[in-house]
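Asker: Fold the stuff below for me.
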Amino acid sequence: MILWSFLSTALLGGPVAAQQQPAAPGSSQQPQVKVNMLNVCAPSAEEQKEIASALGRVPKQPLFGSDFEVSRGRSTLTEMPAMLEAGAPGHVAGEPSVANYVRIRREFSVQALFSLVQYSFSNDGQTMVETLVLHVRDPKDLIQVSLEDSASSVTSSDAMLMSNTPVNRIRLERFGKQSVALARCQAADGGPAPDQSAYEPLFRSASDVLAHYRELLGVKSVVPEELAKINGMPKTHSATKTPPSGTSKMRKTVPPPK
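Answerer: Down below sits the predicted model:
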């Protein structure tokens with residue numbers, strides 16, 4: 001499910017991997033567990049360089065292929081994810097969380113570093129989440145780049161999309177290595193919030209990427225229309241024709257974005 005897919009893998013402040021070590025023969029002790037931690041509030045200087053490099057490689061004027069996908073639906077989360085990121089808002093009540101979602105996917109031309117880009121928007125009535133994922137075509141070190149922002153559902157989805165909500169989570173998935181992540185961190189246990197002023201350029205760069213791809217993918221018109229169809233409230237189509245949508249994957253030829 002979209003709402004939790006990023007939260008359950010970003011692992012902000014949570015365990016990344018656990019490996020059991022066999023106990024010595026004849027020992028009655030439980031196997032030891034080693035836990036690696038992601039420092040998402042204060043990544044190292046080397047990790048900051050990796051994030052900056054990955055963001056800088058995202059194409060600003062991409063050449064899209066003819067294949068695309070627009071899908072919509074409703075998904076129910078009946079159980080809490082096994083691991084949630086620290087300080088992240090989430091549905092913790094006993095009742096299932098139901099989220100409406102819209103997905104948009106475009107494929108890059110063969111010469112691009114990235115093979116495809118997927119945008120998703122979800123709203124469970126409490127929190128709205130946008131996620132942009134760029135998949136590397138031939139992963140040798142970097143596999144994918146994920147950018148996420150969120151906002152309270154007290155505002156409308158149209159208002160959130162029009163306001164270009166800034167990114168609050170960045171994550172690099174790497175081949176054979178631990179992920180690299182950076183996230184906005186809140187105060188814990190009544191203490192002050194961590195000073196993240198040094199990471200503002202990275203957050204700004206990520207927000208610029210997401211804002212640019214909102215425009216390239218037609219998010220501000222496609223998403224509200226698709227959400228209205230889920231809710232059974234059709235909207236008047238604008239003069240600019242948007243790609244057709246459906247609840248299943250579609251492949252059609254569309255003109256390149258302006």
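Asker: Does V167 fall in a helix, a strand, or a coil region?
Answerer: Following DSSP: H, G, I helix; E, B strand; the rest coil, V167 is assigned to coil.
Asker: Contact partners for the residue nearest to it when sequence neighbours are not counted?
Answerer: Closest residue to V167 apart from its sequence neighbours, by CB to CB, 6 or more residues apart in numbering: A206 at 4.1 Å. Yep, even glycine has a C-beta here, placed from its N, CA and C like the rest. Contact analysis of A206 by CB atoms under 8 Å, 6 or more residues apart in numbering lists L55, L147, V167, I170.
Asker: check which helix or strand covers A206.
Answerer: Using DSSP states H and E, A206 maps to helix 200-216.
Asker: Can you name the element that comes right after that helix?
Answerer: Next element after helix 200-216 (DSSP H and E): helix 219-230.
Asker: Low-confidence stretches in the stretch 151-258 of the chain?
Answerer: For the stretch 151-258 of the chain, applying pLDDT under 70 flags the ranges 233-258.
Asker: if we can go back for a sec, buried set for the helix holding A206?
Answerer: Across helix 200-216, burial judged by 16 or more other CB atoms under 10 Å covers L202, F203, S205, A206, S207, D208, V209, L210, H212, Y213, R214, L216.
Asker: Now do the strands in the stretch 51-200 of the chain.
Answerer: 64-77, 97-108, 114-123, 127-136, 142-152, 169-174, 180-183 (DSSP state E, counting those that start in this stretch).
Asker: Tell me which other helices or strands the longest one touches.
Answerer: Using 3 or more CB pairs under 8 Å, 6 or more residues apart in numbering; DSSP states H and E as the contact definition, the elements that strand 64-77 packs against are helix 2-5, strand 97-108, helix 219-230.
Asker: any chance of these in TSV, with mean neighbour count and distance to A159 too?
Answerer: Listed next are these as TSV, based on neighbours: other CB atoms under 10 Å; distance: least, CB to CB, whole Å:
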stretch	mean neighbour count	distance to A159
helix 2-5	22	19
strand 97-108	22	16
helix 219-230	19	10
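Asker: Out of these, the one nearest Q196 is which?
Answerer: helix 2-5 (24.6 Å; CB to CB).
Asker: any idea which of the contacts of A206 is the one closest to D138?
Answerer: After measuring the contacts of A206 against D138 - CB to CB - the closest member comes out as L55, at 19.1 Å.
Asker: how about the closest one, what does it touch?
Answerer: Counting by CB under 8 Å, 6+ apart, L55 has contacts V145, I170, L202, S205, A206, V209.
Asker: do that again at 6 Å, thanks
Answerer: S205, A206 (CB atoms under 6 Å, 6 or more residues apart in numbering).
Asker: Would you check how far apart it and P224 are?
Answerer: 27 Å (CB to CB, to the nearest Å).
Asker: What of R214?
Answerer: R214 is 12 Å from P224, by CB to CB.
Asker: got it, and L113?
Answerer: From L113 to P224 the distance is 31 Å (CB to CB).
Asker: Who does M128 form a beta bridge with?
Answerer: N123, A151 (DSSP bridges).
Asker: so it makes contact with M160?
Answerer: Yes. Contact criterion CB atoms under 6 Å: M128 and M160 qualify, at 5.5 Å.
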